[in-house]
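> return atomic coordinates for the entry below.
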Amino acid sequence: MPPTPPRLRPLVLCGALALLSLTGLHALTAAEATPAAAAGTAPATVPAATADTAAAALRARAAEAYWLDQKAGPPLTRKLLVDSIELARAYYLNRQLPEGNFDYELNVAGRSAAGDDNQVRQAGALWGLTSLNRDRHTDATRHAAVRGLDFFFRVSRALPIGRIGPVYPG
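As a prediction, this is how the structure comes out:
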């Protein structure tokens, strides 16, 4: 696979690290992520610092053998879970639009919203946010959940079957 173009490396690194963090795999060592460390030419405590090494770590975790090995992966600890939950909270709060819905898909190359919007994904994002608020309440999460619920309330209409339901824009 060719290396990541220099202008895209910060974006790829950010995305890769976010994926690693949200999946609980952010505690990578250089031995897992860098070819130099795997060859024994780098100390095992140096963290992966480039988009290419983060992408290599993700590729290693995508291999079927990794998931078949019961010993693979970092140990599941309370700190790892709490850190992952807080990173997910930050993601939800940063991706919520002022109207209350979510910008859940981003064109990383163009740094713009992908333009595709889906009511089921919007509802799923709101469900995730409200679940976070239920289990680990903060004022910021509560306000965001209320904004999201208000969005769906504002787009609700009377349906021909005599019930009220969301009629999603677009």
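> list the contacts of the helix or strand encompassing Ala145.
If you go by DSSP states H and E, Ala145 is part of helix 139-154. In this structure, residues lying in contact with helix 139-154 by CB atoms under 8 Å, 6 or more residues apart in numbering are 89, 92-93, 96, 99-102, 123, 125-126, 129-130, 132-133, 166. All C-beta spots, glycine's among them, are computed from the backbone N, C-alpha and C.
> pLDDT check: weakest of these?
pLDDT across the contacts of helix 139-154 is lowest for Pro166, at 85.
> surely that residue meets Ser156?
Yes - taking CB atoms under 8 Å as the definition, Pro166 is a contact partner of Ser156 at 5.0 Å.
> any low-confidence regions in the protein?
Per-residue confidence of the chain (counting by pLDDT under 70) places the weak regions at 1-51, 70, 72-73, 107-115, 170.
> before we move on, what SS does Pro160 have?
coil (DSSP: H, G, I helix; E, B strand; the rest coil).
> for this structure, which segments count as helices?
Along the chain, counting by DSSP state H, helices occupy 9-22, 30-33, 35-38, 51-62, 64-68, 78-95, 119-135, 139-154.
> now render the ones you listed as a markdown table, adding distance to Pro160.
Below are those laid out as a markdown table (distance: least, CB to CB, whole Å):
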| stretch | distance to Pro160 |
| --- | --- |
| helix 9-22 | 40 |
| helix 30-33 | 56 |
| helix 35-38 | 61 |
| helix 51-62 | 46 |
| helix 64-68 | 47 |
| helix 78-95 | 34 |
| helix 119-135 | 18 |
| helix 139-154 | 19 |
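> in TSV: those, plus mean neighbour count and distance to Gly162.
Shown next, in TSV, are the helices of the chain (neighbours: other CB atoms under 10 Å; distance: least, CB to CB, whole Å):
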stretch	mean neighbour count	distance to Gly162
helix 9-22	17	41
helix 30-33	20	57
helix 35-38	15	64
helix 51-62	19	49
helix 64-68	9	48
helix 78-95	14	34
helix 119-135	16	21
helix 139-154	16	18
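> returning to what we had before: dump the helix holding Ala145 to PDB, keeping only the CA atoms.
As requested, the backbone C-alpha atoms of helix 139-154 are provided in PDB (Å, rounded to 0.1, in the frame of the first residue of the first chain):
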ATOM      1  CA  ASP A 139     -24.900  19.200  32.000                       C
ATOM      2  CA  ALA A 140     -23.400  19.500  28.500                       C
ATOM      3  CA  THR A 141     -24.700  16.000  27.500                       C
ATOM      4  CA  ARG A 142     -28.200  16.800  29.000                       C
ATOM      5  CA  HIS A 143     -28.400  20.000  27.000                       C
ATOM      6  CA  ALA A 144     -27.300  18.300  23.800                       C
ATOM      7  CA  ALA A 145     -29.900  15.500  24.300                       C
ATOM      8  CA  VAL A 146     -32.600  18.100  24.800                       C
ATOM      9  CA  ARG A 147     -31.500  19.900  21.600                       C
ATOM     10  CA  GLY A 148     -31.600  16.500  19.800                       C
ATOM     11  CA  LEU A 149     -35.100  15.600  21.100                       C
ATOM     12  CA  ASP A 150     -36.300  19.100  20.300                       C
ATOM     13  CA  PHE A 151     -35.100  18.700  16.700                       C
ATOM     14  CA  PHE A 152     -37.200  15.600  16.300                       C
ATOM     15  CA  PHE A 153     -40.200  17.200  18.000                       C
ATOM     16  CA  ARG A 154     -39.900  20.200  15.500                       C
END
